[in-house]
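# Fold the following.
(one chain, ligands or ions: 1)
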Amino acid sequence: MMATPNPRQIALDVLGAVRRRDAYANLLLPARLDAAGPAGRDAALATELVYGTLRLLGTYDAVLDRCLPRPDRLHPRVRDVLRLGVHQLLGMRVDPHAAVYESVELARRTGGAVAARLVNAVLRRIADRDLESWLAEVTPADDPVAALGLRYGHPRWIVAAFADALRGDLADVRALLQANNTPAPVHLAARPGRCTVDELLAAGARPGRWAPTAAILDAGAPGRIAAVREGRAGVQDEGSQLVALAAAAPAGAGWWLDLCAGPGGKTALLAAEADRRGARVLAVDLRPHRARLIPRDPRVTVIVADGRRPAWRSGRVDRVLVDVPCTGLGALRRRPELRWRRRPDDVRSLQRLQIELLTAALDAVRPGGLVGYATCSPHPAETIDVVHQVADRVEVLDAREAMVAHARAVPPDLGPGPFVQLWPHRHETDAMFFALLRRR
Ligand SMILES: C[S@@+](CC[C@H](N)C(=O)[O-])C[C@H]1O[C@@H](n2cnc3c(N)ncnc32)[C@H](O)[C@@H]1O
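Below you'll find the model as predicted:
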């Protein structure tokens, strides 16, 4: 008889892969669960262990470092066992005896008797107090930004960037961090002319809130829906759908350029709008494997190219969408480990690339034509600071008008303009930023 897969062992393996080879938990865990076969409560336990531990990783490490004699000497795999144990003790309602016992057994299989003894001693010490008491111990005095980060499991520099974007309103930041820790349902986009939202509703989804193309799938794999399997609908956050639709409005016929197009979620919506207006789309991506994922469409020409070295004549296209590579800090709901993987240095190097790509987009568009600049990060260095770099070349339009023109319902609290910043805690979308610029 095959042994029943142990959810704690699966969680430990996934944490190890995330740490060692930068695996994405949201891709690896479902694959492991499918392959290993636990279902129901065991699958739910493995999922909570992985996502819950990854979200609060920095906080759990701070607690562990208080309890370890030599934190720097700890084997990384044993640290993972301890992190899972701390999450069961401080973040879940697992009986402390069971949490310690199961962790010690995991440690024994991972690192032998020495590891088991260490895990036993450390977790017993941690089990003596609750999360509030440990937070009080590890939180620096007079640093409300760090305190929010420790309570909701975000690095301090990221909380500071969110606070900047939210004008220093820490109650708002708290709501955002909580939303980032709330699992997001799968959002689907019905590709106009190929699928309707009604077809997705009939397959078990519910309507999206804002985009006329959106449906939300609360349970089950999207691949079980025929329209998704056939490429007539795609998995795409509703905020991304709003951005793609806003980038197409109001555009004329001629060529539209999608400068960072792979894997093509926005291209597919642009193509449908282009079809209505007799326009064509040139979809560009630097990476061949990303370009290959762009859905085939008679209106779309796909090329692999560096958007900064144009393969097209400058000043000719009617419209450009530049959905730049970014830190992804707007999608932390869907990628719990990303907050610990990103570094402040990433922001600086990505900002350089973002400015170059936005400049190339402006070179490509005809005078008077429009460029939509989008990022899935609300970090001001990747949003308004980038747009300010090209301020002398553009007239900044009110992006809220373009977004509202295509929305099924008008999203509230789009901010003072002229840019749009969507937020998980306000709109239940990823934190997409969108600016609409007219080349002078
Ligand atoms: C945020 S993703 C785009 C997502 C896409 N618009 C969608 O909706 O599916 C950014 C893309 O930019 C591409 N990229 C990075 N550097 C680039 C460059 N110099 N030129 C063109 N594409 C680039 C990446 O390969 C990545 O696919």
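
# for the closest residue to Leu414 other than its chain neighbours, what are its contacts?
Residue nearest to Leu414 in three dimensions, not counting chain neighbours: Arg400, with 4.8 Å by Cβ to Cβ, 6 or more residues apart in numbering. Heads up, the C-betas are built off the backbone N, CA and C, glycines and all. The contact partners of Arg400, by Cβ atoms under 8 Å, 6 or more residues apart in numbering, come to 414-415, 417-418, 420.

# among those, who's most crowded?
Val420 (25 neighbours; other Cβ atoms under 10 Å).

# Distance check, whichever residue of the stretch 101-250 of the chain sits closest to the ligand against Ala268.
Relative to the ligand, the nearest point of the stretch 101-250 of the chain is Ser240 (5.6 Å; Cβ to the nearest ligand atom). Ser240 sits 11 Å away from Ala268 when distances are taken as Cβ to Cβ, to the nearest Å.

# ok and the residue in the stretch 1-150 of the chain nearest the ligand?
Counting by Cβ to the nearest ligand atom, the stretch 1-150 of the chain gets nearest the ligand through Tyr24, at 14.7 Å.

# Could you look up the SS state of Ala189?
What DSSP: H, G, I helix; E, B strand; the rest coil gives for Ala189 is strand.

# What's the per-residue pLDDT of it here?
The model reports Ala189 with a pLDDT of 98.

# Just the pLDDT for the residue lying closest to it once chain neighbours are set aside.
Leaving out its chain neighbours, the residue that sits closest to Ala189 by Cβ to Cβ, 6+ apart is Gln236, at 4.2 Å. Per-residue pLDDT puts Gln236 at 98.

# Please apply the same query to Pro5.
Reported pLDDT for Pro5: 77.

# what's around it, how many residues?
Around Pro5 there are 17 residues (other Cβ under 10 Å).

# Looks like it contacts Ala43 (just checking).
No: using Cβ atoms under 8 Å, Pro5 is not in contact with Ala43; the gap is 9.4 Å.

# got a list of what the residue of the stretch 1-150 of the chain closest to the ligand touches?
Tyr24 neighbours (Cβ under 8 Å, 6+ apart): 18, 335, 337.

# Nearest to the ligand among the contacts of Arg400?
Val420 (16.0 Å).

# What's opposite the closest one in the beta bridge?
Val420 has these beta-bridge partners by DSSP bridges: Phe434.

# Would you agree it is in contact with Val404?
No: counting by Cβ under 8 Å, Val420 stays clear of Val404, with 9.3 Å between them.

# shared neighbours, those two?
Leu414.

# which parts of the strand or helix carrying Val145 are buried?
Counting by DSSP states H and E, the element that carries Val145 is helix 144-152. For helix 144-152, the neighbour count (16 or more other Cβ atoms under 10 Å) marks 145-152 as buried.

# any chance of these in JSON lines, plus distance to the ligand and pLDDT?
Putting the buried residues of helix 144-152 into JSON lines (distance: Cβ to the nearest ligand atom, whole Å; pLDDT from 0 to 100) gives the following:
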{"residue": "Val145", "distance to the ligand": "27", "pLDDT": "98"}
{"residue": "Ala146", "distance to the ligand": "30", "pLDDT": "98"}
{"residue": "Ala147", "distance to the ligand": "32", "pLDDT": "98"}
{"residue": "Leu148", "distance to the ligand": "27", "pLDDT": "98"}
{"residue": "Gly149", "distance to the ligand": "25", "pLDDT": "98"}
{"residue": "Leu150", "distance to the ligand": "30", "pLDDT": "98"}
{"residue": "Arg151", "distance to the ligand": "30", "pLDDT": "98"}
{"residue": "Tyr152", "distance to the ligand": "25", "pLDDT": "98"}
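
# Including distance to Asp61, could these go into JSON lines?
Listed next are those as JSON lines, based on distance: Cβ to Cβ, whole Å:
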{"residue": "Val145", "distance to Asp61": "18"}
{"residue": "Ala146", "distance to Asp61": "14"}
{"residue": "Ala147", "distance to Asp61": "16"}
{"residue": "Leu148", "distance to Asp61": "17"}
{"residue": "Gly149", "distance to Asp61": "12"}
{"residue": "Leu150", "distance to Asp61": "10"}
{"residue": "Arg151", "distance to Asp61": "15"}
{"residue": "Tyr152", "distance to Asp61": "15"}
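
# By mean pLDDT, flag the weakest helix or strand of this protein.
Least confident helix or strand of the chain, by mean pLDDT, DSSP states H and E, is helix 25-36 with a mean of 89.

# Against which helices or strands is the helix or strand following it packed?
Using DSSP H and E, the helix or strand that follows helix 25-36 in sequence is helix 40-55. Under the contact definition 3 or more Cβ pairs under 8 Å, 6 or more residues apart in numbering; DSSP states H and E, helix 40-55 sits against helix 7-21, helix 25-36, helix 76-86.

# angle of the last one against helix 7-21?
Spelled out, it's helix 76-86. 130 degrees (axes from the mean of the first three to the mean of the last three Cα atoms, to 10 degrees).

# So for helix 76-86, what gets flagged as buried?
Those would be 77-86, for helix 76-86 by 16+ other Cβ under 10 Å.

# can you list those residues in JSON lines and add distance to the ligand and pLDDT?
Formatted as JSON lines, these follow (distance: Cβ to the nearest ligand atom, whole Å; pLDDT from 0 to 100):
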{"residue": "Arg77", "distance to the ligand": "33", "pLDDT": "97"}
{"residue": "Val78", "distance to the ligand": "37", "pLDDT": "97"}
{"residue": "Arg79", "distance to the ligand": "32", "pLDDT": "98"}
{"residue": "Asp80", "distance to the ligand": "30", "pLDDT": "98"}
{"residue": "Val81", "distance to the ligand": "35", "pLDDT": "98"}
{"residue": "Leu82", "distance to the ligand": "35", "pLDDT": "98"}
{"residue": "Arg83", "distance to the ligand": "30", "pLDDT": "98"}
{"residue": "Leu84", "distance to the ligand": "32", "pLDDT": "98"}
{"residue": "Gly85", "distance to the ligand": "36", "pLDDT": "98"}
{"residue": "Val86", "distance to the ligand": "34", "pLDDT": "98"}
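
# Next, format these as a markdown table and append distance to Leu293.
Output for the buried residues of helix 76-86, formatted as a markdown table (distance: Cβ to Cβ, whole Å):
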| residue | distance to Leu293 |
| --- | --- |
| Arg77 | 34 |
| Val78 | 39 |
| Arg79 | 36 |
| Asp80 | 32 |
| Val81 | 37 |
| Leu82 | 38 |
| Arg83 | 34 |
| Leu84 | 34 |
| Gly85 | 39 |
| Val86 | 38 |
